[in-house]
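Trainee: I'd like to go over a predicted model; first the sequence, then the structure.
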Amino acid sequence: MAIKGKPVVDRERCKGCLLCVRACPTKVLAADVEPNSWGYYPVKVVAEDKCIACGNCYTVCPDVAITVYKL
């Protein structure tokens, strides 16, 4: 059975650099169309069921705005 994960993005910490979107091998994350309170367009989880808990998004995030939980 494959490992599943649940990524959680802190919208207020994310500045929308999109490094995590590029690092995700299964395309779980994408840019949001709604800005946060700082005016940045953070990332959002668009396909949580595809998450394999690899941690790439967590590793590349310069703002520590992503947490990945293994299920």
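Mentor: Yep, that arrived.
Trainee: got the contact list for Lys44?
Mentor: Val9, Arg11, Leu29, Ala30, Ala31, Asp32 (C-beta atoms under 8 Å, 6 or more residues apart in numbering). Bear in mind the C-beta positions are built from the backbone N, C-alpha and C, glycine included.
Trainee: helices of the protein, start to end?
Mentor: Using DSSP state H, the helices of the chain run over 19-23, 56-60.
Trainee: centre of the chain to the first one, how far?
Mentor: Between the mean C-alpha point of helix 19-23 and the mean C-alpha point of its chain there is a distance of 8 Å (C-alpha atoms, centre = their mean, to the nearest Å).
Trainee: low-confidence stretches in this structure?
Mentor: Within the chain, the segments meeting pLDDT under 70 span 1.
Trainee: show me the contacts of Lys44 that map onto strands.
Mentor: Residues of the contacts of Lys44 located in strands (DSSP state E): Val9, Leu29, Ala30, Ala31.
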